[in-house]
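Chemist: Whatever this is, show me its structure:
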Amino acid sequence: MISKRNSSQRSENILRYFNSSIDFQISSSLTFDECGIVRGRVILISLTGLINKNEDLRKTISDLKLKKYLVDWNGEKIHWNETPILVPSIGASWEGSVIGTAFDYMARAILTRHVGYENAIRHAYVAEKGLELLEGDLRYGNLGIALFMQSLNRNDIDFTRNPERKERRKEEAKGVVNLPKLLEFLNAQYENATTAMDQFIQKNIEIEVLAPHALFLAKLDPVYRNHAELNAELNVIDVYFEKYENQTFPHRDNALSDEEIIGNIIKLSHLFEEQISKMNIKSVNCNPDFNSYSEKVRGADADFIIDKTLIDVKTVKTLGYRTEMMAQILGYASMAKAIDIPVDQVGIYYARFAQWALLPLKVLPKDFLDNYLKKILEAANR
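Modeler: Model (predicted):
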């Protein structure tokens, strides 16, 4: 099991992020006028972002013409144009992103349940890092509340779900946010979610029960991964307002309800569980990171390693080979090699198609991974 951190440990982590001076006193309740943005944000680019903006990294991979080497889990040729989509994509792009992250949590739980705790390496959830950052913003900078309250007063928001909500929420913006109650709620939701993960792995609950908890964890992930993206924090805070006020503030034009999102996650999870049940898996490393290399490219971590196969999950709505995806997964492989994590092939699991696309590393030129890692680090340091 992943050990749960107590409140004092979490507070120490929060203070590690928020060690600058504070311009005002923190009270147990904060009005809009008392909220202030007091802390700047350090933006570190992710491996995906690095690849997307660096043509040289992409060309390094495209020149290898790797598509012809890709095979499915059984070593058979992939029929890219003949494989049907089994779970259609739904919602807007940001909703697709949270579905993908929630499914990552589900997939890792399904794998651990399949092989058992004794054959699984599990790491601290990225969601916990997101919670620590959010709690720090609320306690020491109140950035989330400040921006949330500011957004309530905007006149250009389209309240798509309930036109009457606009005036009601503007009145609420003049009121008080109970900070202790909000923090207590967020921490309780996180503890419930991590407990549900363990309950699922121990076969005490099923996919349908776990999925809503995976969605909450998925909403916390981008608070850490994209800490400069303020909507990530608002997405989490909204969960509190929905529960205690029976309404949410649509800071984005959401196309889907949480129930619809959860339904899609459940379908993807059942499909993955069916796939895993057919495979002879001995061990799994869930959400591995790569020590100092991960720190240099904002939290670079793979989805999981099955035996010696490093896998990244994609919930894209089209099935096809993309240089950017291969550049990402080979970046992870290069970091794994540098810290002696054994990997002999890499691959992508296209979740909506139940399709594996695997690349044996033996087809790469000698010393390719070492040289590729050097290029990634050089690009990250520019």
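
Chemist: can you confirm residue 270 is in a strand?
Modeler: No. Under DSSP: H, G, I helix; E, B strand; the rest coil, residue 270 falls outside any strand and is assigned helix.

Chemist: average pLDDT for the host helix or strand of residue 180?
Modeler: Element membership for residue 180, per DSSP states H and E: helix 179-201. For helix 179-201, the mean per-residue pLDDT is 94.

Chemist: Likewise for stretch 365-373?
Modeler: Rounded mean pLDDT across stretch 365-373 is 97.

Chemist: Enumerate the positions of it that are buried.
Modeler: Buried residues in stretch 365-373, counting neighbours by 16 or more other C-beta atoms under 10 Å, are found at 368-369, 372-373. All C-beta atoms are positioned from the backbone trio N, CA, C, and that covers glycine.

Chemist: Stretch 268-282 too?
Modeler: 268-273, 275-276.

Chemist: And for stretch 80-94, what's in contact with it?
Modeler: Stretch 80-94 is touched from outside by 96, 99, 231, 252-256, 260-261, 264, 267-268, 271, 315-317, 319-321, 351-355, with contacts defined as C-beta atoms under 8 Å, 6 or more residues apart in numbering.

Chemist: Mind putting the buried residues of stretch 365-373 into TSV with secondary structure and distance to residue 105?
Modeler: Listed next are these as TSV, based on DSSP: H, G, I helix; E, B strand; the rest coil; distance: C-beta to C-beta, whole Å:
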residue	secondary structure	distance to residue 105
368	helix	32
369	helix	28
372	helix	29
373	helix	28
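
Chemist: What is the nearest of these to residue 293?
Modeler: Nearest to residue 293 among the buried residues of stretch 365-373, counting by C-beta to C-beta, is residue 373 at 7.5 Å.

Chemist: Check the contact between the closest one and residue 293; I expect there is one.
Modeler: Yes. Assessed by C-beta atoms under 8 Å, residue 373 is found in contact with residue 293 at 7.5 Å.

Chemist: Which helix or strand in the chain has the lowest average pLDDT?
Modeler: strand 29-31 (a mean of 35; mean pLDDT, DSSP states H and E).

Chemist: any chance of the buried residues of stretch 268-282 in CSV, with distance to residue 311 and pLDDT too?
Modeler: Converted to CSV, the buried residues of stretch 268-282 look like this (distance: C-beta to C-beta, whole Å; pLDDT from 0 to 100):
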residue, distance to residue 311, pLDDT
268, 15, 98
269, 16, 98
270, 19, 98
271, 15, 98
272, 11, 98
273, 15, 98
275, 11, 96
276, 11, 97
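
Chemist: Give me the domain ranges for the chain.
Modeler: Using automatic domain parsing, the domain parsing of the chain gives 1-34+125-262, 43-89+280-382.

Chemist: Ok, which of those domains comes nearest residue 111?
Modeler: domain 43-89+280-382 (4.5 Å).

Chemist: That closest one: how far from the chain's middle?
Modeler: 16 Å (C-alpha atoms, centre = their mean, to the nearest Å).

Chemist: Stretch 194-207 now?
Modeler: Distance, centroid of stretch 194-207 to centroid of chain: 19 Å (C-alpha atoms, centre = their mean).

Chemist: Contacts for that stretch, please.
Modeler: With C-beta under 8 Å, 6+ apart, stretch 194-207 has contacts from 1-2, 4, 105-106, 109-110, 112-113, 117, 125, 209-210, 213-214, 217, 266, 269-270, 273.

Chemist: Which single one of the buried residues of stretch 365-373 is nearest to residue 187?
Modeler: Of the buried residues of stretch 365-373, the one sitting nearest to residue 187 (C-beta to C-beta) turns out to be residue 373, at 37.7 Å.

Chemist: what's near enough to touch the closest one?
Modeler: Applying C-beta under 8 Å, 6+ apart, one finds that residue 373 lies in contact with 293, 331, 334-335, 337-338.

Chemist: which residues of the stretch 201-350 of the chain fall in strands?
Modeler: 284-286, 304-306, 309-314, 345-350 (DSSP state E, counting those that start in this stretch).

Chemist: Redo those strands as TSV? Include distance to residue 81 and mean pLDDT.
Modeler: Below are these laid out as TSV (distance: least, C-beta to C-beta, whole Å; pLDDT from 0 to 100):
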stretch	distance to residue 81	mean pLDDT
strand 284-286	31	97
strand 304-306	27	98
strand 309-314	17	98
strand 345-350	13	98
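
Chemist: Let me know which of the ones you listed is the nearest to residue 238.
Modeler: Nearest to residue 238, of all those, is strand 309-314, at 25.6 Å by C-beta to C-beta.

Chemist: by how many degrees do that closest one and strand 345-350 diverge?
Modeler: On the basis of axes from the mean of the first three to the mean of the last three C-alpha atoms, to 10 degrees, strand 309-314 is oriented at 20 degrees to strand 345-350.
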